[in-house]
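In: For reference, the sequence and a predicted model appear below.
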Amino acid sequence: MRRRARMREAGPLAFALVLALGACLPHAAHAGEESAGTRAAAFLVQGGGPAVLGMGGAAIGGGEGLQASGWNVAALAHATSLQAYFSHAQFGESGAQDWAAAGGRLRGGRTRWALSATFRDEGTILGRDQYDRPTGDVSATALAAGLQLAQPVGEHFALGAGTRVVSEGIGDERGLGLAFDAGAQARFGLLRLGLSGRDFGGGMRWAGQRWRMPASLGAGVAVVHPGTGLTLALDLVAPANYYRSFRAGAEWSFRDRLALRGGYRTELGAGADEPLTGPAFGLGARAGLAWVDYALVISGDGESSHRFALSLRRPGTTAAAAAPATVAPYGPQPAEGR
């Protein structure tokens, strides 16, 4: 009876949050396609967690833990002990991107912290001068270092915020900038809702000019059934410099030992050969303290990329894994996994 009463009380809050998400997204997405190529640090929008990419990139509402915090920083509030992970992705013949992150409880309290680093190597590109004349091959690299903080708020909500220092370089030219993230999640029974803002504010100074960051606003909804290990997720993301996108995904997890994933992402209004549109598949498996994730992302132009991640974490180091199926969503969580 008490649980039903809580659900009735939470209903209006959930409805209000959904209305707020619907109102914010169209405004944030307006003219996004026309802004393509006008933002710095575009590599920031490519998340590194194959556990999320294997679900089509849908993690704003239902994601939890260190990997999902790249899509919604509030997801970090679900981590219950120290975690670390490393991820690698190969793009084409010479491009690659690496991620490393670590995080956990701050001094054993309710606040969670995370430190992350991202390195992007574009290989060599053909340099040109101000008159568009070739000047030879130059290297192109980028680096970002970030700090995130998140915390459960009451029984149903979680909030998070983060910042990143970003550097990009082409040949001898280098830009330096700053970006900010913020996110919120809500849980009502099996329902998960989320709102995420990524890479807002700040900006980058490059060759004497200021460039804005690739800001995006996203909303997500998910249904998570711990008893069966099944998660269904749907996200809508509106970047400032590209097409809006829908991401849908599913995951089946077995006793925090094995996970099978699938999903699809579509860029609204883009052509049939849009590189970011296409299906994705993934799996994860645990051996002791190590958890290995893999994702295959298939692009609309026929290309595919493979993503790998190695995580070190105790079994049950997210709230869903550590809790029985009937537990309240944001009650006090044990410091150790099961």
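Out: Yes, it's here.
In: contacts and neighbour counts: CA atoms only from here.
Out: Fine.
In: and residue 66, that's in a helix?
Out: No: per DSSP: H, G, I helix; E, B strand; the rest coil, residue 66 lies outside any helix segment and is coil.
In: isn't it right next to residue 77, touching?
Out: No: with contact defined as C-alpha atoms under 8 Å, residue 66 does not reach residue 77; the gap is 9.1 Å.
In: So for the longest strand along the chain, mean pLDDT?
Out: Criterion DSSP state E: the longest strand present in the chain is strand 134-153. Confidence over strand 134-153 (mean pLDDT, whole number) is 88.
In: Give me the next element, helix or strand, following that strand.
Out: Later in the chain than strand 134-153, the nearest helix or strand by DSSP states H and E is strand 157-170.
In: Could you pull up the residues touching the closest residue to residue 150 other than its chain neighbours?
Out: Closest residue in space to residue 150, ignoring its immediate chain neighbours: residue 160 at 3.9 Å, by C-alpha to C-alpha, 6 or more residues apart in numbering. By C-alpha atoms under 8 Å, 6 or more residues apart in numbering, residue 160 lies in contact with 72-77, 148-151, 182-184.
In: just those residues now: which is nearest residue 298?
Out: Nearest to residue 298 among the contacts of residue 160 is residue 72, at 23.2 Å by C-alpha to C-alpha.
In: Let's see the pLDDT reported for the closest one.
Out: Here, the pLDDT recorded for residue 72 equals 96.
In: hang on, it packs against residue 180?
Out: No: counting by C-alpha under 8 Å, residue 72 does not reach residue 180; the two are 11.9 Å apart.
In: Just want to know which of the two has more residues nearby.
Out: residue 72 (33 against 21; other C-alpha atoms under 10 Å).
In: quick one, phi psi at that one?
Out: Backbone geometry at residue 72, expressed as degrees, to the nearest 10, gives phi -150, psi 110.
In: contacting residues for it?
Out: Each residue near residue 72 by C-alpha under 8 Å, 6+ apart is listed here: 59, 60, 63, 160, 182, 183, 184, 194, 195, 196, 197, 198.
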